[in-house]
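**Q** could you work out the structure for the sequence below:
(one chain, ligands or ions: 1)
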Amino acid sequence: MSYPVHRPRRLRKTELLRSLVRETRLSPSSFIYPLFVCPGSNVRTEVGSMPGVFQQSADKIVEDCREVEGLGIPGVILFGLPESKDPRGASSLQEDGIVQRAIEAIRRAKLNLLVITDVCLCEYTDHGHCGVIENGEVANDATLEILAEQSLSHARAGADIVAPSDMMDGRVAAIRNKLDENEFQDLPILSYAAKYCSGFYGPFREAADSAPQFGDRRSYQMDPANVREALKEAALDLEEGADMIMVKPALPYLDVITRVRQQFSVPVAAYNVSGEYAMVKAAAQKGWLDEKRVTLEILTGIQRAGADIILTYHAKAAAGWLRA
Ligand code: PBG
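**A** Take a look at the predicted model:
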């Protein structure tokens, strides 16, 4: 039976009806807000290609976290801009490192907020790659111990969740072992399981000052053309002990989010990355798109595709709109 018996428009007639039958309900409770921590105090520098996103010193980060908490957003993810960089990312391991100090400052403020840390080397190495370099290549196994030590250091500073984004093979196991050996057996790992080699990270590399100084990341981040490989990466990370898995970026990979969601029963996160944010902001500034409308549409789409958790620079604005 079809028209005229069936008229799908009946359920679209009023906002009350539409809201009653709505399948996807966006809520700030699934957002995570990314933050960039820099040295100093009272520093708040806007990132040119990401209007509304700032590099901030720890004191300002705490103020921002208070606002995030007030908006009903459950967590932040921290990225560090260290004072110094070297070939092995040593500054990422220091007890008084940039991220470690920020975590401690947030902890002191006693906010009801999850503090997630991005675990990677690219922000801390002078060459800008996510691992150490041996014979001109990013060396997998030599990188694992540093990532594990960095995770431990974040845990000691008070992180609630560590999120490795480097895409080295075996890093989840290395991190899990290190945390367990040091009595952090209850600290969850959110692994960037399917992280693609994407042009959409461009603005982030300005924000985090982490562009590779030679070559690219194609030998460790995934080829954008692959989805079966994403399922393999996710399966391996779960075997190694990941508690949650992430797909990144989000918009060009909605099918990957759906496939990962269908295949695994752990929470799935999606990272609505810097380039996706920058496109919306740029078009909105020109008056070409309605920022509120497209942002909520994009985030709804990411959730509808299957993401339980959405990391997004839109988190604060979207939370404000959803509450209004
Ligand atoms: C690497 C990392 C990157 C992002 C998050 N973690 C950049 C990269 O791999 O080059 C990108 C996030 C974004 O674009 O918003 N530590």
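
**Q** CA only for contacts and neighbour counts going forward, please
**A** Will do.

**Q** quick one: the strands in the stretch 1-150 of the chain?
**A** Using DSSP state E, counting those that start in this stretch, the strands assigned to the stretch 1-150 of the chain run over residues 31-37, 44-47, 50-56, 75-80, 114-119, 132-134, 137-139.

**Q** buried residues, the last one. List them.
**A** By that I understand strand 137-139. Of the residues in strand 137-139, those buried under the neighbour-count criterion (16 or more other Cα atoms under 10 Å) are V138, A139.

**Q** again with stretch 39-50
**A** Burial within stretch 39-50, assessed by neighbour count using 16+ other Cα under 10 Å, is assigned to P39, V43, R44, V47, S49, M50.

**Q** OK, contacts around the fifth one?
**A** Okay, so that is S49. Contacts were defined as Cα atoms under 8 Å, 6 or more residues apart in numbering; by that measure S49 touches P203, E206, A278.

**Q** tally of neighbours for A142?
**A** Applying the criterion other Cα atoms under 10 Å, we find 15 residues in the vicinity of A142.

**Q** how much space between E15 and G72?
**A** Using Cα to Cα, to the nearest Å, E15 is found at 24 Å from G72.

**Q** neighbour count winner among these two?
**A** The residue with more neighbours, out of E15 and G72, is G72; 19 against 9, by other Cα under 10 Å.

**Q** could I get the contacting residues of A242?
**A** When contacts are counted by Cα under 8 Å, 6+ apart, A242 touches V172, P188, I189, L190, S191.

**Q** brain fart, Q56
**A** Residues counted as contacts of Q56 (Cα under 8 Å, 6+ apart) are L35, F36, V37, C38, P39, N42, V43, R44, T45.

**Q** quick one: pLDDT of the residue lying closest to it once chain neighbours are set aside?
**A** Leaving out its chain neighbours, the residue that sits closest to Q56 by Cα to Cα, 6 or more residues apart in numbering is R44, at 4.5 Å. Confidence at R44, expressed as pLDDT, is 98.

**Q** from the buried residues of stretch 39-50, which is closest to S27?
**A** S27 has its nearest neighbour among these in M50, at 23.1 Å by Cα to Cα.

**Q** just give the nearest non-adjacent residue to that closest one, would you?
**A** Leaving aside its sequence neighbours, M50 sits nearest to A278 (Cα to Cα, 6+ apart; 5.5 Å).

**Q** tell me if I'm right that the one you found and P203 touch.
**A** Yes - proximity of A278 to P203 meets the contact threshold set by Cα atoms under 8 Å, at 7.3 Å.

**Q** for the two, list the residues in contact with both.
**A** Between them, A278 and P203 share these contacting residues under Cα under 8 Å, 6+ apart: S49, M50.

**Q** pull up the residues of the stretch 151-300 of the chain that are close to the ligand.
**A** Taking Cα under 6 Å from any ligand atom as the criterion, the stretch 151-300 of the chain approaches the ligand at residues S165, F200, Y201, F204, V273, S274.

**Q** closest one to R217 out of those, please.
**A** Relative to R217, and with distances defined as Cα to Cα, the nearest of these is Y201, at 11.3 Å.

**Q** contact partners for the closest one?
**A** V273, S274, G275.
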